[in-house]
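Peer 1: Here is the input, now give the coordinates:
(chains A and B)
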Amino acid sequence: MKHQDVIAIFASLLLAGAIGYVQAQEDTSTEEEGGQPQGITETQDDESEQDASGGEAQTDQDDGEDSTVTPTGPGGRVETGPAGQSPSGGDQPEPPRQGPDAWMESADSWATFNGDLRAQKYSPADQITPENVGELEQAWEYHTGDVADGSDEVPMSVWSATPLFVNDTLYLGTPFYRIIALDPGSGEEKWIFDPEAPLEALTQPNMKGRGVAYWEADEPQAGEACQKMVYVGTMDAKLYGVDADTGERCADFGDNGMVDVNQWNTVNDKWPLSLFQPPTVYNDTLFLGWAGKDWTDAVAPPGTVFALDARTGERKWTFHALPEEVVDRTGTANVWASMSLDPESGLLYIPISSPSPNYYGGERTEELPLATSVTALNTETGEVVWSRQLVHHDIWDYDTVAPPTLVDIEKDGETVPALVQPSKQGFLFVLNRETGEPVYPIEEREVPASDAEGEQASPTQPFVDVPEPVVPDEWPGISRIADIVGLGECSRKAEGLRYEGRFTPPSVEGTLAYPPTTGGSQWGGGAVDPERGVFVINSNSVVQIYRLIPRDEYQQLEQSGETGGYYAQGDTAYGFQLETFLNWAGMPCWKPPYGTLAAYDLSTGERLWNEPFGQVQKHGFYMPESWGSVTIGAPVITRSGLIFIGASMDSRVRAIDLESGEVLWKHLVDAPAVSMPAVYTYEGKQYVTFAVGGNSILLPKVSDQVVSFALPD
Amino acid sequence: MTSKPQGTVYGAWLLLAISAISLILAAVATFNEGNGIAYTPGTYLVLISTALMLLGSLLLALARGMPRWLGGLLTFLLLLDLLGTGLAAYLLQAEWLLGCMGVGLVAWLIHVVADPATGKRNQPMTQRQEAAS
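Peer 2: Residues are numbered from 1 along each chain as shown, chains lettered A, B, ... in the order given. Okay, here's the model as predicted:
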C-alpha cells in the first residue's frame, strides 16, 4: 500500500466530507441561473430572418421613460433608453469609439475586475520572477471590518472582490457594500464610503460582493468633483457612484449618487436585481448585469443587461435575452458573471446564464437561443452582433459562467482575433470573436433523451475536443477508499443512478451529473499570457446527483419539514433535489483529484500541463496534494512567467511557474482567497494583493483580510 | 505488594519532557489565530492527545510501583498516542509537533529498551539486592 494510501485511509476516517461543503451550495444557491436551445451563430446581417417584426421599433413608456424596443439577434430585444441611440430608425448610430479608455491601459495599474477589459488577467509587471518569487514577503495587511460568520443577524459574508489599483489608490468593495480607498504601498486608509445598505439576504443566502468599478473622464477637470468615480452595487439593486478622490457621493449620478436599478425590474419582479458584480466600464458607459435567486421559482425576472451613462446613471439601453412571449413561463437567462469587451471593435461579450427553472424545461420547450450562450453586443446600441449557444435547452444549470478571455492567436501562420470561453460543462470554446465562428471545431453530438414527463431534452449538444476539456469525458469512477469506509455504499448508490455520459438529463430515479452545476470551470474563468499564447484555468471535478421530485411528492416532503437540498422550481411538474455524491462519513464517492490547474497552448490547442491544485482541508487536516482542491477564484499571469492564484480550500495563496505548473511560493492567509489578485506597480515596486474573504461553499471560514505581497527592499 | 524499582528511567523522563513541550505546541496551534488550523477539531484533538501523553509519561516516570501489566498497558497506550498525534500533526502540517513526536518515539524506545522495569518484574532483582545487602 502506498504512503499516500495510508495517509488517505487515516485521514479519510477523520474527514467529514471535505468536498461535501460543495453541498453548502444547496443552502447557498450560487449566483447562477439557467440556459437553453440550439447552437446558433447569428450576426446583425441576419436579423431580418429572426423575427417578422425585426427592425420595427416600438415605443414603450411603461417605466416612465421614453424608450423604443427593437428585436435583436435570435430571440432577443433591445430597449433604447433616454440616453441611448436606437439601433434602427432615423438616427444613424455612431460607430463605437476605437480603442480603450486611456486610464485603463496603464501597464502599472489593475483598473478593472479582470485586470483589463479583455479579461486577460495579465500583468506586464516583471519585477517578481520565478527566480526571486521565493523571497516574496507580506508588505502590508488591512482588515475591512466587513465580515460575518452568520452567527448573528447578519448573514455569512462571501467576499470575492478584485482590488482595483488606479488613480494611485487601491479601491475595495466589501460584502457590506462599503467602498474603501487605501494607499497601495502601505495599506493606509484614505477614505470610506458607506451606503448603509441593508445587510439582509434578499436574494442570495450570503452577503456577497465582488468589488467596485472605476471610471475616469477622458480629460478630468482639475478641482472639479466626480471627474473620476468609483461604483458599488448592492444586494437590493442600488448602484452608488462616488468621487474617486474623496468618497463623496456624486450628485449628478442618479438620485444624489444612487441609481435604483430595480426601477427596471418590471416583469416577474419576485426579488431585487442584486448587483454583486461591478459594472464593466468603457467609453463613458457602465454595462451592468445582475444576480438573483436560483432554483426557487419557475417564473423569475427575465435576463437583462443595462447600459448606463457613467456620469449621470441615465439608461442608454437595456438588452433582453428572452423573447417577450415566454416570460410568463420562465425567466433569468441573466448575466451574473463579469463581461469582457474588445475596446478596438467596441463589442461587449456577455456570458448569459440558463433560464428558470434550472433543472426542468418541460414548460419552456421552445428554443431560447440566447440562453446559456456567449453573445456579442454592440456597445453603442445593445444590438446582438453574434451569439453562440453553448448548451441547448439547458436543464443542468450550466450557465455560461465566466467572461470570455479575448486574445489574438497565432494559428497556421495567421493572427486570429479569438476569445476563449470556459464553461461549467468543462469545454473551452475558442471562437473568432468577430464572427463567433469556431477556431477549433465544435461538434453537435447526440446525447441521451430525458425520461421525465413533459421534458424535451435537446437531441444534440455542442462538444469540443480541442482544447482538451478541463474535466474528463467520463466521471472519475468510485473512490476505493470511500467505498471501503462506506461498506460499499458508494457502489450501491452509483448502481441506482442514471448515467449515460455528459448531458444525461435529470431524472426521477436520480442522475449522476458530471460535471454538475459546480463545474468544470466557475465564474473566475481563465487568464492568458498574450505574448506566449498560453491560457491557464482552474477547474473542479465534482460529482453530484440530480433528482427530479414529482410535485405531489415534493409537497409531502415540504409538509414533513424536509428542506435540505430540495428546491421548489416554482409550481412546475417537478421539484428538485441536489445532492453531492458522498458516503455516510461525508467522503467524496469519486476519485480525486477534486481540482486542477491547467495550461493550454492556444496556437495548437494542446494542453501543456494539468496539475492537482491546492489542498482539501477539513477539521484542520490537510489532505494529500495529489487530491487537489475544489476552487473558487481565478488565476493571474505576469509577463515574467508566474501565475498568482488563491482559490483553494486550504487558505493559501500561491505563485506557480507558468512553464511547468510547479508551485514556487505559497503563503497562508486568513481564509480561502476566493477572488483574483490585483498585480500592480506603485512607486517602482510590484505588489500582488489579495482580498481574502472565504466562501461557505468551500469552507465555513470567512475573513475581511486584504494582504499585499512584494519583494523585500 | 510491589517494591520500588531502582535506577533512573531516562526514557520516561525524556518522554515527559517531550510531552510537556508537545502540549505547549498543541496549545499554540489551537489558540494562535492565523496559523490556518486554530480552533479546528484537529487541533483540539492534538491538544487532548498531548495532554493525555503528558499524564501518561508522568505516571511512567513517577509512579514506579505500579503493577507490571499496568506499566505495559500504559507504555502501549503511549505508543498509540505518539503515533496518532504524529499522524494528526502531519495532516495538520504542524511540523514542530511532528518533530516532537519523532523524538518522543525515540524516548519511548529508550524507555522500553533501557529503562529499569517497573512493578513486579523488578521484584527478583530487588530480592537479590536485598540478599546482597
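Peer 1: Backbone dihedrals for the residue most central in space within chain B, please?
Peer 2: Centroid-nearest residue in chain B: residue B:57, 3.7 Å away (criterion: Cα atoms, centre = their mean). When quoted as degrees, to the nearest 10, the phi and psi of residue B:57 stand at phi -70, psi -30.
Peer 1: Check the contact between it and residue B:21; I expect there is one.
Peer 2: No. Judged on Cβ atoms under 8 Å, residue B:57 makes no contact with residue B:21 at a distance of 11.3 Å. (C-beta placed from N, C-alpha, C; glycine too.)
Peer 1: Show me where the chain has its helices.
Peer 2: In the absence of a named chain, this looks at chain A. Here chain A has its helices, by DSSP state H, at A:3-14, A:24-28, A:47-50, A:480-485, A:489-495, A:551-559.
Peer 1: nope, chain B please
Peer 2: With DSSP H, the ranges of helices along chain B come out as B:10-31, B:41-62, B:68-92, B:95-114, B:123-132.
Peer 1: can you tell which of those helices is closest to residue A:431?
Peer 2: Comparison of the helices of chain B against residue A:431 by Cβ to Cβ identifies helix B:68-92 as nearest, at 44.4 Å.
Peer 1: Which strands and helices lie in contact with the closest one?
Peer 2: Counting by 3 or more Cβ pairs under 8 Å, 6 or more residues apart in numbering or on different chains; DSSP states H and E, the packing neighbours recorded for helix B:68-92 are helix A:3-14, strand A:621-622, helix B:10-31, helix B:41-62, helix B:95-114.
Peer 1: Select, out of these, the one closest to residue A:711.
Peer 2: helix B:95-114 (25.5 Å).
Peer 1: sorry, back to before: mind checking the helices and strands packed on helix B:68-92 for the one nearest to residue A:492?
Peer 2: Distances from residue A:492 to each of these were compared by Cβ to Cβ, and the smallest falls on helix A:3-14, at 18.3 Å.
Peer 1: pLDDT averaged over the closest one, what's the number?
Peer 2: In this model, helix A:3-14 carries a mean pLDDT of 48.
Peer 1: now stretch A:269-288
Peer 2: In this model, stretch A:269-288 carries a mean pLDDT of 97.
Peer 1: How about residue A:139: what's its closest non-neighbour residue?
Peer 2: Spatially, and ignoring its direct neighbours in sequence, residue A:139 is nearest to residue A:710 (4.1 Å; Cβ to Cβ, 6 or more residues apart in numbering or on different chains).
Peer 1: what sits against the one you found?
Peer 2: Residue A:710 is in contact with A:128, A:136, A:137, A:139, A:685, A:686, A:687, A:688, counting by Cβ atoms under 8 Å, 6 or more residues apart in numbering or on different chains.
Peer 1: would you list those residues in TSV and tack on neighbour count and pLDDT?
Peer 2: As requested, those are arranged in TSV below (neighbours: other Cβ atoms under 10 Å in any protein chain shown; pLDDT from 0 to 100):
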residue	neighbour count	pLDDT
A:128	25	98
A:136	22	98
A:137	9	97
A:139	20	98
A:685	16	98
A:686	21	98
A:687	27	98
A:688	26	98
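Peer 1: I'd like those laid out as JSON lines, including distance to residue A:697.
Peer 2: JSON lines is the format used below for the contacts of residue A:710 (distance: Cβ to Cβ, whole Å):
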{"residue": "A:128", "distance to residue A:697": "30"}
{"residue": "A:136", "distance to residue A:697": "28"}
{"residue": "A:137", "distance to residue A:697": "30"}
{"residue": "A:139", "distance to residue A:697": "30"}
{"residue": "A:685", "distance to residue A:697": "35"}
{"residue": "A:686", "distance to residue A:697": "31"}
{"residue": "A:687", "distance to residue A:697": "28"}
{"residue": "A:688", "distance to residue A:697": "24"}
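Peer 1: give me the number of residues near residue B:28?
Peer 2: If you count neighbours by other Cβ atoms under 10 Å in any protein chain shown, residue B:28 ends up with 16.
Peer 1: Same check on residue A:639?
Peer 2: Residues lying near residue A:639 (other Cβ under 10 Å) number 19.
Peer 1: Right, I'll leave it there.
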